[in-house]
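Colleague: Fold the following for me, if possible:
(chains A and B)
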Amino acid sequence: MATATETKEIRIEEKDPWFGSKERELMVDPLLDNNPITIQVLGVCSALAVTSLVYPSIVMAVAVVFVCGMANLTTSLLRKSIPKAVRLIVQLVIIATLVTLVNEALKALNYPVYKQLSVYIGLIITNCIVMGRLEAFAMANRPWRSFVDGIGNGLGYGLILIVVGFIREVFGKGSVFAGSGLEFKIIGAGSTYAIDTTTPDQWGSTFFGWYANNGLMVMSVAAMFIIAVLIWVQRARNPKLVDVS
Amino acid sequence: MGDLINIFIKSAFIENMILAYFLGMCSFLAVSKSLSTAFGLGLAVIFVLGITMPINWLINEYLLVSFELEFLRFIVFIAVIASMVQLVEMIVEKFSPGLYAALGIFLPLITVNCAILGGSLFMVSREYSLSESVAFGLGGGFGWFLAIIAIAAIRERIRYSKVPPGLRGLGMAFLLTGLMGLAFLSLSGIDPAVFAGWQPAE
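Modeller: Next up, the predicted model:
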């Protein structure tokens, strides 16, 4: 008798590994082919204005991954006891609580970045990705998968933020990771930069004396153009994604 | 009075919610495919921003600040916005079925429109007074309205143009928003201080 139940349990485990192909798909799919920003166009609102530097973009990405994953987990745990009629309010309260936690933590841990992100941390509440995943996935799926799905979508969103932030900072300011301990100045005026464009009689000024930072990249509209190019590249590589409407 | 006009013009044109801060981008991109729906959503945003702003100001000033409950701000603001949107929807349905038919589907969407919550959070961080926050709400809503009807009109036209397949639809909307943002930058030449000492004629 005992052996029979044992084999049965093992069979269930084989059928449902804790991180199988389904989970991997949930995690990897939102990174490229179903990216929340470039394909689903959700959550563009709250974050593009923070992408002028890489470091705040990374902080924002981490915050969204945390909120998205935890909100999906919580909603999925509660999904059977949330009444259908008030589910939007319940979801909003769950998200708002998590965002408040992130906000207070960031205020205590890193005040300069907190000031820089200003209202945009609070705006994760109305970030459509978080809400969209709760509504589309967590309300109908088991906790672990919902958690993986939330992390995957948060990472897909963060990936775009960091790519846009990297392009804007390198071409707009000539540095990467400004504001953090890892700041590296690549190109610009002055001897602190790796490629020094002003000091005469050095290879930097000889070959790169013509170089100037691109003022457009510092402005918020640059993010729109960069995302448009990302969308173009992605859809040109994979014609299945082209918008037919 | 002059200060209020100043804030209105600044929030509508110079610091436009969409084109300078990207607030409300999701619904901006999703609902700007046709001019008439964009018009309805734009009106609804003005309406809700104009109402939630003073209410959130009162709650923030007399409840949250005086009892030192600022850390609850997000939850309280989003609850106020969600319930106000619900209330506005019921009132409009009862008293003006025509307007309800026009706004109908868009009202519930507005709860998760970043422009509404963003407006309230900006109001707190910039320390506006009650009348200033009303002017900011109406101005911000008006700027949002202008931006969405402008892009909807452009997108209606561009549907018949020959766009590279990869950029069709969404990509083009992003590019257009960027170009409109650049165009709106030229409005930063407006000097709002002109209105600073202005008083209505007696």
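Colleague: Where do the helices of the chain begin and end?
Modeller: This is for chain A. A:2-15, A:21-28, A:54-78, A:87-109, A:111-117, A:119-122, A:128-133, A:143-173, A:203-208, A:215-218, A:221-237 (DSSP state H).
Colleague: Oops, wrong one, chain B.
Modeller: B:2-9, B:17-21, B:25-30, B:35-59, B:73-95, B:97-103, B:106-109, B:114-125, B:130-158, B:170-185.
Colleague: Take those and lay them out in a markdown table including distance to residue A:45, mean pLDDT and mean neighbour count.
Modeller: Every residue, glycine included, has its C-beta placed from N, CA and C. Shown next, in a markdown table, are these (distance: least, CB to CB, whole Å; pLDDT from 0 to 100; neighbours: other CB atoms under 10 Å in any protein chain shown):
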| stretch | distance to residue A:45 | mean pLDDT | mean neighbour count |
| --- | --- | --- | --- |
| helix B:2-9 | 22 | 85 | 19 |
| helix B:17-21 | 9 | 84 | 26 |
| helix B:25-30 | 4 | 82 | 24 |
| helix B:35-59 | 13 | 88 | 21 |
| helix B:73-95 | 14 | 85 | 18 |
| helix B:97-103 | 21 | 75 | 14 |
| helix B:106-109 | 13 | 72 | 18 |
| helix B:114-125 | 4 | 89 | 26 |
| helix B:130-158 | 12 | 92 | 21 |
| helix B:170-185 | 12 | 88 | 21 |
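Colleague: export these to JSON lines and tack on distance to residue A:208?
Modeller: JSON lines is the format used below for the helices of chain B (distance: least, CB to CB, whole Å):
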{"stretch": "helix B:2-9", "distance to residue A:208": "43"}
{"stretch": "helix B:17-21", "distance to residue A:208": "32"}
{"stretch": "helix B:25-30", "distance to residue A:208": "36"}
{"stretch": "helix B:35-59", "distance to residue A:208": "46"}
{"stretch": "helix B:73-95", "distance to residue A:208": "46"}
{"stretch": "helix B:97-103", "distance to residue A:208": "56"}
{"stretch": "helix B:106-109", "distance to residue A:208": "49"}
{"stretch": "helix B:114-125", "distance to residue A:208": "40"}
{"stretch": "helix B:130-158", "distance to residue A:208": "39"}
{"stretch": "helix B:170-185", "distance to residue A:208": "27"}
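Colleague: Among the ones you listed, which comes closest to residue A:222?
Modeller: helix B:170-185 (7.7 Å; CB to CB).
Colleague: Show me what that closest one is packed up against.
Modeller: helix A:221-237, helix B:17-21, helix B:25-30, helix B:130-158 (3 or more CB pairs under 8 Å, 6 or more residues apart in numbering or on different chains; DSSP states H and E).
Colleague: if you set the cut-off to 6 Å instead, what comes out?
Modeller: If you count contacts as 3 or more CB pairs under 6 Å, 6 or more residues apart in numbering or on different chains; DSSP states H and E, helix B:170-185 packs onto helix A:221-237, helix B:17-21.
Colleague: Report the angle between it and helix B:130-158.
Modeller: Calculated by axes from the mean of the first three to the mean of the last three CA atoms, to 10 degrees, helix B:170-185 forms an angle of 130 degrees with helix B:130-158.
Colleague: tell me the contacts of the closest residue to residue B:74 other than its chain neighbours?
Modeller: Nearest non-adjacent residue to residue B:74, counting by CB to CB, 6 or more residues apart in numbering or on different chains: residue A:96, 4.7 Å away. Going by CB atoms under 6 Å, 6 or more residues apart in numbering or on different chains, residue A:96 touches A:125, B:74-75, B:78.
Colleague: just those residues now: which is nearest residue A:73?
Modeller: residue A:125 (17.2 Å).
Colleague: any idea how far that closest one lies from residue A:80?
Modeller: Remark: distance between residue A:125 and residue A:80 (CB to CB, to the nearest Å) = 24 Å.
Colleague: Those two - which one has more neighbours?
Modeller: It is residue A:125, of residue A:125 and residue A:80, that has more neighbours when counted by other CB atoms under 10 Å in any protein chain shown, with 27 against 7.
Colleague: for the more buried one, phi and psi?
Modeller: Residue A:125 adopts backbone torsions of phi -50, psi -50, taken as degrees, to the nearest 10.
Colleague: mind listing what it touches?
Modeller: A:95-96, A:99, B:74, B:78.
Colleague: Export these as JSON lines, with columns for distance to residue B:42.
Modeller: Shown next, in JSON lines, are the contacts of residue A:125 (distance: CB to CB, whole Å):
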{"residue": "A:95", "distance to residue B:42": "26"}
{"residue": "A:96", "distance to residue B:42": "26"}
{"residue": "A:99", "distance to residue B:42": "27"}
{"residue": "B:74", "distance to residue B:42": "26"}
{"residue": "B:78", "distance to residue B:42": "22"}
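Colleague: Could you pull up the residues touching the residue nearest to the spatial centre of chain A?
Modeller: Among the residues of chain A, the one closest to the centroid is residue A:158, at 1.6 Å (CA atoms, centre = their mean). Contact partners of residue A:158, counting by CB under 6 Å, 6+ apart, are A:61, A:65.
Colleague: Right, I'll call it a day here.
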